[in-house]
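Asks: Sequence first, predicted model second:
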Amino acid sequence: MTDEQKHFEECRDIINQNISYFQARAEKGRKETESLFAAVAAGNVELYNQLIVSQDIQEHQERQLRKNQAAWIKPYFGRIDYQEKETGQLEQLYIGKNGISKDRTDVLIVDWRAPVAALYYENELGAGSYDVPEAGKIDVDLCLKRTFDVDNGRLLGYYDNDTAATDELLVKYLSQNKDVVLGDIISTIQKEQNEIIRRSPFGNIIVQGVAGSGKTTVAMHRISYILYNYEQRFSPEEFCIIGNNDMLLNYITSGLPELDVYHVGRKRMDTFFRDLLGKEWKKKYRLGGHFESEAYKSRMDFITGLDRYLSRIREHLLKDIQVADSALGVILSSDSIGRTVMENPDASVAKLFQLLNQRIKTRIHFLMSEDSAERCKEKTAEYKGYFQLNVKHKNIAGMYLEFLEEYGENRGIPVEQTVSNVKNGLFDVYDLAALVLIQKRMVEKAFHDEYSQIIIDEAQDFGPSVYYVLKQVLFQCWFTIMGDVSQNIYYHTGMNDWNDLTEMVFDPERTGFHILAKSYRNTIEISEVAGRVLEAASFGRYKIQPVIRHGMPVAYYHLTEEEMAVKAAEVIAQIRGRGYDTIAVICRSQEEASRVQEKLRQFPGIFEESSQGAGAGKEAGEDPQTEKTDRTAKDDITPDHFTQGVMVLPIHLTKGLEFDSVLLWNPDQYAYPDQEGDAKLLYVAITRALHELHILCCGALTGLLKGQLVTGKTPEGK
């Protein structure tokens, strides 16, 4: 038996003992909690605090149990041996997904999030260092870096002196089905990904990452890293993950418990803005779609124009005014009022008025210190509420309409559609952002300080005006922004480059910009097809660097319309026979996806492995905690959760997701004309596939795909 095999088995023995210990503790905790809950429910409210403490202890014990159970299957994936240069101390550490202790002081396996684990991910052998948050840099001499191949409790082998995830091991993981890939991701984090994960939380990050580069994975691991290393500075409730639809949010947050992350918030962008507006707007709120004719609202010129408009109103209300009394003289001078304004640059007009009213009260008491208390009280009552907003400036929707008409007239932009929608209570996300900015500048009573970390996934879905408002309103927050401008399917309203954000929204000195160019998702065969489409989608600005992993050639089938559903059912059966369980049929639109799903239903067993197919969910945009909105048609087929089996989806719902196999439905020249915006849609569809891509077409193939290397029956004239 080798030393590593012996150590591996000794670790598993200790972990097994831990499991027995925490099982007993968790069971005891459950019984105590149930007893206390019953007592409190029966009226013994004095035990309520004890119940809360008992629940916290029970939750901790159950987490420890889950961590040890996971570690028993795969205790660790790496080892580092090093010598600290300052002390000369030698260390040998095993690194795993979960930190495991033999007792309270004897660390058996180091958690991957620990600062020292950065040596494993980033350093080559020899001189190196790692940073301890809020403590400084530790210089070391790295003597050994070893990567272990572990499968289901068995040590299969190990690799020395390579990067953290050797190409051989990485390709092995990526070649497996989707669920296995997610389970092994921590052991294969790459250096460029690790740098983003471990970057200080006291700054903003913008990440441009090609499809399959691990953007979402990096963002979720970053949350886990921050909460582990800065637990005294941040709580999970201060984090909020923002996305464009509920299915994406459910998909990307479902793995957080595996990363030891709980109680993190998640919201759609429109819901986030609606909640900032307050409860009354939930009754008024209806969400409209993105209209090309209203794309101007997504741009910086629009939102900065609105801010200048609000500044004019603010200056008019606060400029060259003073408060004077015939008996007392000047109570507040214009200079004094000006200082109050300057000292509170982030306060709304309503908040400033509140501060000024308080200052009036204080000044009256000072000026009348020798008068009777009764007379002072009378004078204070006389000036109570001296500063207050009139009805016009309290009505944020009315102010928005006023600005829209001024903006449209000055720039010759047709705003009639937006004006009509707003008057009828129909808003898109850019209208809501504008209303939030007006509220911030005019009527906000208290700062929004419930969040300190905002994480935005698929960030290119939203135009720069949204980020401008978020930064103005949540000025004490730090942002992690992950996206790919080549996947901007909202071409006229979303983000087609990052310049506005890096130059106008976020402070360059406190914002890092990172590029993730390597794709770990697709095979070489799929990446080659995607890469050519990417040339049209982003003019070659961001190229794919695929991991060298070969698979099946991309398959093309030219069929009649009647043959397509039959071929799709046949291909799905073959894919399942190869052991893959996540399959997507990707269509150009919601309407097409609905029709395709009905066609596939005629084949028994197509959807039997999926508890929720494309037609089984709620309507798109429906928030499970709020009333249904009417932003989509009744035939919208949006599911809420990513599921195994077959899902039939329109392209806009597949962004951020990945599948073992993809069937691309009828990408003809009408569905995808040779234009940049349509190229981005096609690029998104192609890059959802981990292992297999099948293209079924009954018309003339889009020019974006002509000349691609494909198999299957070739259409005439191709």
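Replies: That came through, no problem.
Asks: What are the boundaries of the helices in the stretch 301-450 of the chain?
Replies: Residue ranges of the helices in the stretch 301-450 of the chain, as given by DSSP state H, counting those that start in this stretch, are 334-343, 349-367, 373-382, 391-394, 396-411, 416-423, 429-442.
Asks: and residue 323, which of these is closest to it?
Replies: Each of the helices of the stretch 301-450 of the chain has some distance to residue 323 by C-beta to C-beta; the shortest is helix 349-367, at 5.9 Å. For glycine as for every other residue, the C-beta is placed from the backbone atoms N, C-alpha and C.
Asks: The closest one - contacts with which helices or strands?
Replies: helix 300-318, strand 329-332, helix 334-343, helix 373-382, helix 429-442 (3 or more C-beta pairs under 8 Å, 6 or more residues apart in numbering; DSSP states H and E).
Asks: Please identify the most buried of the ones you listed.
Replies: helix 429-442 (a mean of 24; mean count of other C-beta atoms under 10 Å).
Asks: helices and strands around whichever helix or strand comes after it, which ones?
Replies: Next along the chain after helix 429-442, taking DSSP states H and E as the criterion, comes strand 453-456. Applying 3+ C-beta pairs under 8 Å, 6+ apart, one finds that strand 453-456 contacts helix 215-229, strand 239-243, strand 478-483.
Asks: Let me have these in TSV, extended by mean pLDDT.
Replies: Output for the helices and strands packed on strand 453-456, formatted as TSV (pLDDT from 0 to 100):
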stretch	mean pLDDT
helix 215-229	93
strand 239-243	96
strand 478-483	96
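Asks: how about those in TSV, adding distance to residue 36?
Replies: Formatted as TSV, the helices and strands packed on strand 453-456 follow (distance: least, C-beta to C-beta, whole Å):
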stretch	distance to residue 36
helix 215-229	28
strand 239-243	30
strand 478-483	39
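Asks: Please name whichever of the ones you listed is nearest to residue 434.
Replies: Nearest of the helices and strands packed on strand 453-456 (C-beta to C-beta): strand 239-243, 17.6 Å.
Asks: And residue 205, its phi and psi?
Replies: Per-residue torsions, residue 205: phi -130, psi 130 (degrees, to the nearest 10).
Asks: Oh, that last question was meant for residue 265, not what I typed.
Replies: phi -80, psi 160.
Asks: Show the model's pLDDT score for it.
Replies: With respect to pLDDT, residue 265 has a value of 94.
Asks: Could I have the CA atoms of the one helix or strand residue 677 maps to written out in PDB?
Replies: Assigned by DSSP H and E, residue 677 falls within helix 676-686. Below are the C-alpha coordinates for helix 676-686, written out as PDB (Å, rounded to 0.1, in the frame of the first residue of the first chain):
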ATOM      1  CA  GLU A 676     -25.000  40.800 -36.000                       C
ATOM      2  CA  GLY A 677     -28.100  40.600 -33.700                       C
ATOM      3  CA  ASP A 678     -29.200  37.200 -35.200                       C
ATOM      4  CA  ALA A 679     -25.700  35.900 -35.100                       C
ATOM      5  CA  LYS A 680     -25.600  36.500 -31.300                       C
ATOM      6  CA  LEU A 681     -28.800  34.500 -31.000                       C
ATOM      7  CA  LEU A 682     -27.400  31.600 -33.000                       C
ATOM      8  CA  TYR A 683     -24.100  31.700 -31.100                       C
ATOM      9  CA  VAL A 684     -26.100  31.400 -27.800                       C
ATOM     10  CA  ALA A 685     -28.000  28.400 -29.100                       C
ATOM     11  CA  ILE A 686     -25.000  26.500 -30.400                       C
END
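Asks: Mean confidence (pLDDT) on it, please.
Replies: 91.
Asks: Next: stretch 341-360.
Replies: 91.
Asks: Same check on stretch 365-376?
Replies: What stretch 365-376 shows for mean pLDDT is 86.
Asks: which SSE is residue 86 in?
Replies: Applying DSSP H and E, one finds residue 86 in no helix or strand.
Asks: Let me see the contact set for the residue nearest to it when sequence neighbours are not counted.
Replies: Residue nearest to residue 86 in three dimensions, not counting chain neighbours: residue 139, with 6.8 Å by C-beta to C-beta, 6 or more residues apart in numbering. Counting by C-beta atoms under 8 Å, 6 or more residues apart in numbering, residue 139 makes contact with 84, 85, 86, 127, 128, 129.
Asks: Leaving out the residues flanking it, which one is nearest to the fourth one?
Replies: The one in question is residue 127. residue 141 (6.1 Å).
Asks: Let me know whether my guess that the one you found is in a strand holds.
Replies: Yes - counting by DSSP: H, G, I helix; E, B strand; the rest coil, residue 141 is part of a strand.
Asks: Convert the C-alpha atoms of stretch 442-451 to CSV, please.
Replies: This file holds the C-alpha atoms of stretch 442-451, laid out as CSV (Å, rounded to 0.1, in the frame of the first residue of the first chain):
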residue,chain,number,x,y,z
MET,A,442,-36.6,63.5,-5.0
VAL,A,443,-38.6,61.5,-2.4
GLU,A,444,-36.4,58.8,-0.8
LYS,A,445,-36.7,58.9,3.0
ALA,A,446,-33.9,56.4,3.9
PHE,A,447,-30.9,55.0,2.0
HIS,A,448,-31.1,51.4,0.7
ASP,A,449,-28.5,49.6,2.8
GLU,A,450,-29.8,46.1,3.0
TYR,A,451,-27.3,44.9,0.4
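Asks: And that stretch, what's buried?
Replies: Buried residues in stretch 442-451, defined by neighbour count with 16 or more other C-beta atoms under 10 Å: 442, 443, 444, 451.
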